[in-house]
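Student: Just need the structure, nothing else, for what follows:
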Amino acid sequence: MSPTVSLVLDLVMMGLLVATIAYAIILNRQIVRLRESRSELAELIQGLNDAMAKADTSVRGMKATAHNTGEGLQKTIDKAATLRDELQFMIEAGNTLADRLSGFSDDRSRPAAAKPAAGRPQGLRPLLDELDEGRAAPPPPVARRAPPPDDDRPRDGEEGLSRAERELLRAIENRR
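Tutor: Predicted coordinates:
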């Protein structure tokens, strides 16, 4: 082999080696960046895990709070339903009593022959028939009491009652 060919081959090999070294340096820099990115990615993943743990704890706390609040609301609803039923019963009893009282006052104001039997309440029919025939004595007149004081302070036996219950009891007492 001639020295020129050998020299050209050496120069080509040297050029290829320089290109390989340059390429290796570029690859080394990219690998270093990849490792740095990998550590940043690990930090990012750790932050996401921490955030998920906090969110999970918060969701559990919110569920517990919602459950406790729901139970409290259900107790309040049950109590309100009970009070509603009691008030409905009291209203019906008051209406019945008012009907009875209005029936007695109507019977006293009309002559005995002019009283229509169809307009009387069914529960009072036997008593009213006895009154018509003179067998039963009329009920005693209703005495009016003095109106209650305007204050809302509970009287004896009214502790623990709501304002509406106290007013209803006072109204019933005044009707007697």
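Student: what helix or strand is Arg170 on?
Tutor: Assessed by DSSP states H and E, Arg170 sits inside helix 163-175.
Student: again with Gly160
Tutor: Using DSSP H and E, Gly160 falls within no helix or strand.
Student: measure it to Arg166 for me?
Tutor: 10 Å (C-beta to C-beta, to the nearest Å). Bear in mind the C-beta positions are built from the backbone N, C-alpha and C, glycine included.
Student: Looking at the two, which is more packed in?
Tutor: Taking neighbours as other C-beta atoms under 10 Å, Gly160 and Arg166 compare with Arg166 leading, 17 against 7.
Student: Relative to Ser6, how far out is the more buried one?
Tutor: Going from Arg166 to Ser6 by C-beta to C-beta gives 122 Å.
Student: Equivalent analysis for Ser37, please.
Tutor: 46 Å.
Student: hey, which helix or strand in the protein has the poorest pLDDT?
Tutor: Within the chain, no helix or strand scores below helix 125-133, which has a mean of 58 by mean pLDDT, DSSP states H and E.
Student: for the helix or strand where Leu48 lies, packing partners?
Tutor: Assigned by DSSP H and E, Leu48 belongs to helix 3-109. In terms of contacts (3 or more C-beta pairs under 8 Å, 6 or more residues apart in numbering; DSSP states H and E), helix 3-109 is packed against helix 125-133, helix 163-175.
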